[in-house]
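Visitor: below are the sequence and a predicted model for it; my questions follow.
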Amino acid sequence: MKIADLITWFETWANPAWCESWDNCGWQIEPGVLQEKARVLVCLTPTLAVMQEAIALNANLIFAHHPLIFNPLKSLRTGEAIAEMVRLAFTHNIGIYTAHTNFDQVQDGTADVLAQILELKEVTPIVATQGGLGYGRVGLLEPFLTLQELLAAIQTRLAPPNLIFSPSADLQQTVSRVAVLGGSGASYISAVAKTGAQAYLTSDCKFHQFQESRDRNLILIDAGHYATERPACDRLVQKFQSLNLDWVQLSKNDEDFRQFFA
């Protein structure tokens, strides 16, 4: 499959026109690779480490969730990471394509994969957008779990380096309805509370957002940005493999930018 055909297939599923006004979905760098057979390296974040990996693997497309370029650039200077990414992309003929908030909304996107990992049933979006799609997912646990069992399942299935959750008087309380949203989901706390969810799995939550959740009788669970979104990248590789591409692989140099001192 040519890169142009792969992108057409993807955009039929996750239209970049659905991305938010502040976002930058679609081509970040296209150095003239559209008619080449797709050799794809999938990653969460396009970094220099991922670019070096793509060069070593003879990939011609980095397919990322996070945009390389969020805001209009005022300059490109030697020594800057984005400038170096651009230089290497054109030198080695490697395109960089991003699917961000459009990918968050769709079936088998970031939120949907999290819901599947927790085996939620009767799943609906936290905030609907169009055609049954939307941001986040909320659904039922079957069978119900205690909070301790839910936290243990998240730790086992997502392997976050640090799992943070709201203070709870009783880890043995039963949890039946859970909301999930990969990446930075604290701004959806109010919407989640209206769904009747007892617990909300997301990331990048601040101190007072845990307070807000407690005040709304919602257990907030922060598993980190990387851990909550990386599984969707793995699912994307599986989808691409079903298209019989020349070559596709999940990046091994993708990074979680946070470390925790033991």
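Guide: Sure, I can see it. In this text, all values refer to a predicted model and were calculated from it rather than measured experimentally.

Visitor: please count neighbours and contacts with C-alpha atoms only from this point.
Guide: Noted.

Visitor: which residues belonging to stretch 16-28 are considered buried?
Guide: When burial is assessed from 16 or more other C-alpha atoms under 10 Å, stretch 16-28 yields the following buried residues: Pro16, Trp18, Cys19, Asp23, Asn24, Cys25, Gly26, Trp27, Gln28.

Visitor: tell me which two in those residues are the farthest apart.
Guide: Trp18 and Gln28 (16.6 Å; C-alpha to C-alpha).

Visitor: next, work out how far apart the residue of the chain most remote from its centre and Leu57 are.
Guide: In the chain, the residue that sits farthest from the middle, by C-alpha atoms, centre = their mean, is Ala169; the gap is 31.5 Å. Taking C-alpha to C-alpha, to the nearest Å as the criterion, Ala169 is separated from Leu57 by 51 Å.

Visitor: equivalent analysis for Gly131, please.
Guide: 38 Å.

Visitor: so which of the two has more stuff around it?
Guide: Leu57 (14 against 7; other C-alpha atoms under 10 Å).

Visitor: pick the one among the buried residues of stretch 16-28 closest to Met51.
Guide: Nearest to Met51 among those is Gln28, at 13.4 Å by C-alpha to C-alpha.

Visitor: the closest one - that's part of a strand, no?
Guide: Yes: counting by DSSP: H, G, I helix; E, B strand; the rest coil, Gln28 falls inside a strand.

Visitor: got a list of what it touches?
Guide: For Gln28, the contact set (C-alpha atoms under 8 Å, 6 or more residues apart in numbering) comprises Pro67, Leu68, Ile69, Gly95, Ile96, Tyr97, Thr98.

Visitor: same thing but at 7 Å, please
Guide: Leu68, Ile69, Ile96, Tyr97, Thr98 (C-alpha atoms under 7 Å, 6 or more residues apart in numbering).

Visitor: return the member of the residues you listed nearest to Asp112.
Guide: Thr98 (18.4 Å).

Visitor: ok, now which ones touch Ala223?
Guide: By C-alpha under 7 Å, 6+ apart, the neighbours of Ala223 are Pro160, Asn162, Leu163, Ile164, Thr202, Ser203.

Visitor: next one: Ala38
Guide: Contacts of Ala38 by C-alpha under 7 Å, 6+ apart are Met1, Lys2, Ile3, Asn60, Leu61, Leu245, Asp246, Trp247.

Visitor: after the helix or strand Ile154 falls within, which helix or strand is next?
Guide: According to DSSP states H and E, Ile154 maps onto helix 147-158. Reading on from helix 147-158 to the C-terminus, the next helix or strand found by DSSP H and E is strand 164-165.
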